[in-house]
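J.: quick one, what's the 3D model for this:
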Amino acid sequence: MNRRTILTGGAVGALAVVLPVSADGAPQPGSLPSDAEIYGVPTVDPLISQRADPWITKPVDGTYYFTGSVPEYDRLVVRGAPTIEGLATAEETVIWRRPTSGKMGGHIWAPELHRIGGKWYIYFAAGDAGDVFRIRTYVMESALDDPRDPAGWVLKGQLATEWDGFTLDATSFSHKGRQYLVWAQSEPEIAVNTSLYIAEMANPWTFKTKPTRIATPTKSWEIIGFKVNEGAAVLIRNGKVFITYSASATDANYCMGLLTASAGADLLKRESWTKSPDPIFVSNDQTQRYGPGHNSFTVAEDGKTDVLVYHARDYKQITGDPLYDPNRHTRVQKLYWHEDGTPLFGIPVGSGGPIVRLSPADRPRSFVKHVGDAFGVAHAPRELELTQFRFVKAADGTETVQSVDEPAKFLVVSGTTVSLGTTGTPVTRIAARGGGVNIRVAPGQFLHHRNGQLTVAAKATAFKLS
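T.: Next up, the predicted model:
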């Protein structure tokens, strides 16, 4: 069977120097936050090279821990750091290597690291030495505080599912006092590669209930190359339980879907779950990120900003089987939320500095948005990527405003018309009364919002950066 710098002070993305009091605006006392502080998530891309299926824990006693698949598929690794960005250069420890023969001697895939009941657990998929694709899920346990110490890890055994079949990508979560497991498996008499299942756990390696199939690949974007639902990750927010998952083959067709249930629903009932009709995270030619998926979630150092962790390649064309292409790199970016409480994923944002969104100060839930090359201001748009921009600083202290989803284009001013073009108009940010910034595009001329239109006028609109 064959399937499938955070820029805290650099030139790019830093806030322009606040000008003295003048006709152009009145600076606020003190300093304004930098774009990096506003964005709140590292912009190092990739964060970790050649690590697929990335898993970053929320901080435990001040430390983030990382694990993921290595290209050789032969070992389990863990690294830790006090910051997400620090994981990029943190020392990596091998906590287990596959045996040279027998069970678990084949492909080692997609480890996940969980803290449950004061102990560490790693769920991982392993094939056999004589059949590397005879993939089953196994569980290891460590009673030590530091999961990087190999001495603490002991094998608890194979996760015994309802039937013996291709099984992988187990993830665990707690909700309302109950511990659950979600995993991907091939089920007899269902003609797909893997579907998603959920069950309650008696302990981290033993099921308490029978499995419930909550998703199977049926949509056109889930069955390209292989019919796959896998790589689940759970996020509980705003009265909902969200499960992201990955679909299709592991090339540029790999993408992410979303399941949603009410936080008060019986999660073991199939009817509690709704699958979004379209993928929520896909390859992007403009940013040159391909096959994004097998994600996890963590939080930034502020303890509240949600961070999307995923892998993707920098190129679309692959020689040979994509499963053996080593360049699925770990990447992170900010996860946003719509005002109705649903997540906004946007696009794989690619390389560059911190990202901001611009909201008129009098309309905090409206954002500057481009549609094609035209600009406007829209209330709570769902097209996140159309509202994301980077301020790129020039040597003379001015900046240009770069589109995130079309990085070759910048904000251009012609007369009073604002549009996207290949040569950006220099702008200067000036601290505004009451917070936010005025954006000057020429002497005495500023970006101005009125009735959903973005134009240029002598009267400046204050924009909050968020």
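
J.: quick check: Val228 touching Asn193?
T.: Yes - counting by C-beta atoms under 8 Å, Val228 does reach Asn193; the two are 5.0 Å apart. (C-beta placed from N, C-alpha, C; glycine too.)

J.: who has more neighbours, those two?
T.: Comparing Val228 with Asn193 by neighbour count (other C-beta atoms under 10 Å), the higher total belongs to Val228, at 27 against 22.

J.: next one: the more buried one, what pLDDT does it get?
T.: Listed pLDDT for Val228 reads 98.

J.: what do you get for Gly434?
T.: 81.

J.: okay, which residue is most central for this structure?
T.: The C-alpha lying nearest the average C-alpha coordinate of the chain belongs to Leu308 (C-alpha atoms, centre = their mean; 2.1 Å).

J.: if I pick Ala261, what's in contact with it?
T.: Lys240, Val241, Ile243, Leu267, Ser272, Trp273, Thr274 (C-beta atoms under 8 Å, 6 or more residues apart in numbering).

J.: neighbours of the fifth one, how many?
T.: Looking back up the chat, that one is Ser272. Ser272 has 18 nearby residues by other C-beta under 10 Å.

J.: in this structure it contacts Ala263, no?
T.: No - look at Ser272 against Ala263 with C-beta under 8 Å: they stay out of range, at 10.3 Å.

J.: so Thr400, which of the three states?
T.: For Thr400, the assignment made with DSSP: H, G, I helix; E, B strand; the rest coil gives strand.

J.: surely it meets Val392?
T.: Yes - assessed by C-beta under 8 Å, Thr400 is found in contact with Val392 at 5.1 Å.

J.: shared neighbours, these two?
T.: Phe410, Gly424.

J.: for the nearest residue to Phe463 once chain neighbours are set aside, which residues are in contact?
T.: Nearest non-adjacent residue to Phe463, counting by C-beta to C-beta, 6 or more residues apart in numbering: Leu358, 4.4 Å away. For Leu358, the contacting residues are Phe367, Val368, Thr387, Phe389, Phe463, Lys464, Leu465, by C-beta under 8 Å, 6+ apart.

J.: give me the neighbour count for the first one.
T.: Yep, that's Phe367 we're talking about. With other C-beta under 10 Å as criterion, Phe367 counts 25.

J.: what of the fourth one?
T.: By the criterion of other C-beta under 10 Å, Phe389 has 23 neighbours.

J.: just give the nearest non-adjacent residue to it, would you?
T.: Val401 (5.3 Å).

J.: distance check, the one you found against Leu465.
T.: 11 Å (C-beta to C-beta, to the nearest Å).

J.: so for the two, which residue has more residues nearby?
T.: Val401 (25 against 22).

J.: hey, what's that one bridged with?
T.: Phe391 (DSSP bridges).

J.: tell me the pLDDT at it?
T.: Val401 is given a pLDDT of 98.

J.: same check on the one 5 residues further on?
T.: Per-residue confidence at Glu406 stands at 98 (pLDDT).

J.: could I get the contacting residues of it?
T.: Gln286, Leu420.

J.: wait, a strand at it?
T.: No - per three-state DSSP, Glu406 lies outside any strand segment and is coil.

J.: can you name the residues bridging to Arg237?
T.: Lys240.

J.: domain parsing for this protein?
T.: Domains of the chain are assigned by automatic domain parsing as 44-344, 358-465.

J.: can I get the ones you listed in CSV with distance to Pro33?
T.: Output for the domains of the chain, formatted as CSV (distance: least, C-beta to C-beta, whole Å):
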stretch, distance to Pro33
domain 44-344, 12
domain 358-465, 8
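
J.: so which of those domains gets nearest Ser31?
T.: For those, the distance to Ser31 is smallest for domain 358-465, at 9.0 Å, taking C-beta to C-beta.

J.: ends of the closest one, what's the gap?
T.: Domain 358-465 has an end-to-end distance of 5 Å (C-alpha to C-alpha, to the nearest Å).

J.: ok, now stretch 387-397?
T.: Stretch 387-397 end-to-end distance (C-alpha to C-alpha) = 24 Å.

J.: then stretch 440-450?
T.: Using C-alpha to C-alpha, the two ends of stretch 440-450 sit 16 Å apart.
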